[in-house]
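>>> Sequence below, structure please.
(chains A and B)
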Amino acid sequence: AQSVTQLGSHVSVSEGALVLLRCNYSSSVPPYLFWYVQYPNQGLQLLLKYTSAATLVKGINGFEAEFKKSETSFHLTKPSAHMSDAAEYFCAVTSAEYDYKLSFGAGTTVTVRA
Amino acid sequence: DAGVIQSPRHEVTEMGQEVTLRCKPISGHNSLFWYRQTMMRGLELLIYFNNNVPIDDSGMPEDRFSAKMPNASFSTLKIQPSEPRDSAVYFCASRKTVNTEAFFGQGTRLTVV
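Numbering: from 1, shown residues only, chains lettered A, B, ... in the order given. Next comes the predicted model:
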């Protein structure tokens, strides 16, 4: 089955420190990959997407992610965390192998320490 | 564009009652998804439509759940009869093409007592 694995359900970082959220996917055909952010009591908002162009993708709020086919990974990073980055982050995948249904990982909650 | 519109935003109902959740996708979008979010199970895909046709309903928990998309601008998710374990936030999302992002509504918070 199509799946997305996010390592670490909770990540705590200091303000100004690197944020690294891990995502691995399963797909035997080229996937499209997404990172979303969810703030409390809100819907999900797109941070960035990989759709077979450049493997290093830049998104909003200083986030970026790199698609590595050999590692089936799409990790999300931000060089310097801000208090406003505290939220839940979801990795998602879609591909022709599964009729382009959109599947999400379990999510990673990020807390930022002052 | 107003985005994906879900109604109601909150619903409290008694066990055994029928509940209908509504979604208006973004105009011009071809795919529509219904998700359920709980602390225990995370974000689960319930059903996925493409061009108003259900493509994958393998996530629908049981026969008490049903979803329809009578036209490109409207979808419903119905639970009959509702049970306390159905309490969750239900999200609708729509997407223009398979390689574009999905846009989410604000969700419906359902509480079954």
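>>> what's the burial count for residue B:73?
Using other Cβ atoms under 10 Å in any protein chain shown, residue B:73 is surrounded by 14 other residues. Every C-beta, even on glycine, is put in place using the N, C-alpha and C of the backbone.
>>> what residues are up against it?
Counting by Cβ atoms under 8 Å, 6 or more residues apart in numbering or on different chains, residue B:73 touches B:24, B:25, B:27.
>>> wait, doesn't the second one sit right on residue B:92?
Yes - between residue B:25 and residue B:92 there is a contact at 7.2 Å, judged by Cβ atoms under 8 Å.
>>> Quick check: neighbours shared by these two?
Listed as contacting both residue B:25 and residue B:92 by Cβ under 8 Å, 6+ apart are B:4, B:32, B:75.
>>> of those, closest to chain A?
Among the shared contacts of residue B:25 and residue B:92, residue B:4 lies closest to chain A (Cβ to the nearest Cβ), at 7.9 Å.
>>> Which parts of chain B are strands?
Taking DSSP state E to define them, one finds strands in chain B at B:5-7, B:10-13, B:19-24, B:31-38, B:42-50, B:53-56, B:65-71, B:74-79, B:88-95, B:102-104, B:108-112.
>>> Out of these, which gets nearest to chain A?
So among these, strand B:102-104 is nearest, using Cβ to the nearest Cβ, at 3.7 Å.
>>> how distant is that closest one from the center of its chain?
Relative to the chain's own centre, strand B:102-104 is displaced by 12 Å; criterion: Cα atoms, centre = their mean, to the nearest Å.
>>> Same check on stretch A:21-37?
8 Å.
>>> go on, stretch B:102-113?
Its chain's average C-alpha position is 8 Å from that of stretch B:102-113, according to Cα atoms, centre = their mean.
>>> Check which residues of that stretch are buried.
Neighbour counts over stretch B:102-113 (16 or more other Cβ atoms under 10 Å in any protein chain shown) mark B:102, B:103, B:104, B:105, B:106, B:107, B:108, B:109, B:110, B:112 as buried.
>>> In terms of neighbours, single out the busier of residue B:25 and residue B:92.
Set residue B:25 next to residue B:92 and count neighbours by other Cβ under 10 Å: residue B:92 wins out with 30 against 27.
>>> Considering the shared contacts of residue B:25 and residue B:92, which possesses the most neighbours?
residue B:32 (27 neighbours).
>>> what's the closest non-adjacent residue to that residue?
Once flanking residues are discounted, residue B:32 sits nearest to residue B:49: 4.5 Å by Cβ to Cβ, 6 or more residues apart in numbering or on different chains.
>>> I'd like to know the beta-bridge partner residues of the residue most central in space within chain B.
The centroid of chain B falls nearest to residue B:34 when counting by Cα atoms, centre = their mean (3.3 Å). In this entry, residue B:34 is beta-bridged to residue B:47, residue B:92, by DSSP bridges.
>>> quick one, what contacts the residue lying closest to residue B:72 once chain neighbours are set aside?
Excluding the flanking residues, the one nearest residue B:72 by Cβ to Cβ, 6+ apart is residue B:52, at 6.0 Å. With contacts defined as Cβ under 8 Å, 6+ apart, the neighbours of residue B:52 are B:69, B:70, B:71, B:72.
>>> Backbone dihedrals for residue B:52, please?
According to degrees, to the nearest 10, the main-chain angles of residue B:52 amount to phi 70, psi 0.
>>> pretty sure residue B:36 contacts residue B:85?
No - between residue B:36 and residue B:85 there is no contact under Cβ under 8 Å: 10.9 Å.
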